[in-house]
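Undergrad: Pasting the sequence and the predicted coordinates here, then a few questions.
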Amino acid sequence: MKNIIVYSITSLVIALFFLGAMVSFSPKPKIYDIKNFGAKGDGITINTKAIQKAIDKCSKNGGGIVLLREGIFSSGTILLKDNVTLQIDENAKLMGSANPQDYQSIDTFIDATGQERGTCLIGAMGAKNIGISGTGSIDGNGAAFLAKNLAIKKKALGISGEDTFGGNRPFLLRFVKTTQITLKNIHIREAAAWACHFFQSSNILIDNVSIYNHANRNNDGIDLDSSHDIVIKNCTINSGDDAICIKSTSPLPTYNVKVSNCTLRSDWGAIKFGTESMGDFYNIDIRDCTIEDTKGGGIKILSVDGANIHDVLIENIEMNQVDMPIFVRLGERLRTYRTTSKQAVGSIKDVVIRNIKATTRGLDSSRVSPPSGILITGTPKYKIGSLTLDHISIDLPGGGKAADIIQVPEDETRYPEFSFFKVLPAYGLYARHIKELKINDLKFKTTTADQRSEIVVIE
């Protein structure tokens, strides 16, 4: 028996030795410094070709790291390829060119506002195992694409007449039909449109990323579009438009999404489903987040183009100074994208929103004044299915008058925005056209008197 024990221990020591040797001698990823390909970090030189050469060679040789270090590297569109991680060191910045002619469009489409989209600073099309990392920054130079600045640029380039110069404002990051994407530790700044767009992509990790996006219009933070198997955690997003947006500009669904430990601020919506909503949304878990100083809605769940939304859990959310903390809308807009056929009206069911603590904006800063806490509405023909509100506390300013109580419009086919419904008959919860509404421990507190009802539920 002793010999057996000795033999087992010896075998373990030998196994650990070889494991350590394998770790010690495992090849490190090869590094491709863009300066070795002719890139200059002077903030003036357009380095598109040099960076792309480094990416192409890295991918061709089996993958590795394309490195930006020390400097401001201006560029137009660069495309990531298989097995390439773009690493931007602390003292480095990738800056978008101010010239629209330096960008290219991939998988061009028309969004819900009627604008052509598809150009980007960093893109990928049909790639796998790619990433962006480092503690440096990516700046989209979005202010250069404001109309007044485009006019100056156009004049300087000697361009006259009507054309599409600068019309397709570039996203900062855009991934199309790409899998195994990692964004980690990077600082993302000032896109000309959306900051991060994932379309028909999968296996996505976004960890400890900070986004500040206020330079232009439609400045979303992260858009998950007909994509799946996604984790977003430990991120800070401050955006002019939606902070985290789950959408579908194709009939394919967005599903298996987990969001946690994020701090969000937005001028339009912090956590949003839609408005582009052709494909379904399901298996979505959003938890342990803080929403600060948001003007356009805290949690917005919108199916208006045919999406069936189900199996959604949103919990442990704290909101401070937020317009309309919860807005749920099933509508009949039925817009189409990418030459697809019109969908049937969708549905909303099996949605749980719980452990929410919110404070709304004051009377002088609310888009609808006096504000309300929760708006839930289907349409006369299409009712919301099942929705649970559990342990929710909302503080409001009050101030509603009897004269404020009017008939709430239906607007079945209109763009779904809570402000279009104007002042609601209830300061707490107004709900209608819903089959099953489960309520447990729902509390509203006003700092001044409000002559409207606390809760109005209409079948």
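TA: That came through, no problem.
Undergrad: Per-residue pLDDT of residue 267, please?
TA: Looking at residue 267, its pLDDT is 96.
Undergrad: ok, how many other residues are close to it?
TA: 17 (other CB atoms under 10 Å). In this view, the C-beta of every residue, glycine as well, is placed from N, C-alpha and C.
Undergrad: wait, it sits on residue 294?
TA: Yes - the pair residue 267 / residue 294 is scored as a contact, 7.5 Å apart, by CB atoms under 8 Å.
Undergrad: Three-state assignment for residue 158, please.
TA: Following DSSP: H, G, I helix; E, B strand; the rest coil, residue 158 is assigned to coil.
Undergrad: Can you name the element that comes right after the strand or helix carrying residue 356?
TA: Remark: residue 356 resides in strand 347-359, with elements defined by DSSP states H and E. Next along the chain after strand 347-359, taking DSSP H and E as the criterion, comes strand 374-377.
Undergrad: Walk me through which strands that next one pairs with, and which way each runs.
TA: Partners of strand 374-377 in the sheet, by DSSP bridges, are strand 326-330 (parallel), strand 426-432 (parallel).
Undergrad: got a list of contacts for that strand?
TA: The contact list for strand 374-377 (CB atoms under 8 Å, 6 or more residues apart in numbering) reads 324-330, 384, 387, 389, 392, 394, 408, 418, 421, 424, 428-434, 437.
Undergrad: coming back round to it: please identify which of the strands paired with strand 374-377 is closest to residue 367.
TA: Residue 367 lies closest to strand 326-330 among these, at 11.5 Å (CB to CB).
Undergrad: Let's test this: mean pLDDT of that closest one, rounded?
TA: In this model, strand 326-330 has a mean pLDDT of 98.
Undergrad: in that strand, what's buried?
TA: When burial is assessed from 16 or more other CB atoms under 10 Å, strand 326-330 yields the following buried residues: 326, 327, 328, 329, 330.
Undergrad: Now do the phi/psi pair for residue 403.
TA: With angles defined as degrees, to the nearest 10, residue 403 sits at phi -70, psi -20.
Undergrad: Can you tell me how far it is from residue 410?
TA: 22 Å (CB to CB, to the nearest Å).
Undergrad: more crowded one of these two?
TA: Legend: neighbour count by other CB under 10 Å for residue 403 and residue 410, higher for residue 410 (17 against 8).
Undergrad: Pull the contacting residues for the more buried one.
TA: Counting by CB under 8 Å, 6+ apart, residue 410 makes contact with 379, 380.
Undergrad: If residue 233 is in a bridge, with which residues?
TA: residue 207, residue 260.
Undergrad: What count of nearby residues applies to it?
TA: Using other CB under 10 Å: residue 233 sits among 16 other residues.
Undergrad: Pretty sure residue 259 is one of the things it touches, is it not?
TA: Yes - counting by CB under 8 Å, residue 233 touches residue 259, with 7.3 Å between them.
Undergrad: who's in contact with residue 368?
TA: Residue 368 neighbours (CB under 8 Å, 6+ apart): 323, 324, 418, 419, 421, 422, 423, 424.
Undergrad: Hmm, the third one is touching residue 295, no?
TA: No - Residue 418 is beyond contact range of residue 295, at 11.5 Å (criterion: CB under 8 Å).
Undergrad: ok, residue 289 - contacts?
TA: Taking CB under 8 Å, 6+ apart as the criterion, residue 289 is in contact with 259, 260, 261, 262, 263, 264, 271, 316, 317, 318.
Undergrad: Could you pull up the mean pLDDT of stretch 439-454?
TA: Here the average pLDDT along stretch 439-454 is 97.
Undergrad: Any chance you could list what contacts it?
TA: 370, 373, 388-402, 404-405, 424-429, 455.
Undergrad: What residues sit buried inside it?
TA: 442, 444, 446, 450, 452.
Undergrad: So which of these sit within strands?
TA: Among the buried residues of stretch 439-454, the members falling in strands (DSSP state E) are 442, 444, 446.
Undergrad: now the stretch 51-200 of the chain, which segments are flagged as low pLDDT?
TA: Residue ranges of the stretch 51-200 of the chain with pLDDT under 70: 161-164.
Undergrad: Residue 38 and residue 228, how far apart?
TA: To residue 228, residue 38 is 39 Å away according to CB to CB.
Undergrad: So for the two, which residue has more residues nearby?
TA: Ranked by neighbour count (other CB under 10 Å), residue 38 and residue 228 place residue 228 first, with 20 against 13.
Undergrad: Between all of the buried residues of strand 326-330, which two are separated the most?
TA: By the measure CB to CB, 326 and 330 form the most distant pair in the buried residues of strand 326-330, at 14.3 Å.
Undergrad: Could you look up the SS state of the nearest residue to residue 47 once chain neighbours are set aside?
TA: Spatial nearest neighbour of residue 47, chain neighbours left out: residue 39 (4.3 Å); criterion: CB to CB, 6 or more residues apart in numbering. Following three-state DSSP, residue 39 is assigned to coil.
Undergrad: Help me confirm that residue 39 comes into contact with residue 73.
TA: Yes - between residue 39 and residue 73 there is a contact at 5.8 Å, judged by CB under 8 Å.
Undergrad: Quickly list what's touching both of these two.
TA: In contact with both residue 39 and residue 73: 47, 51, using CB under 8 Å, 6+ apart.
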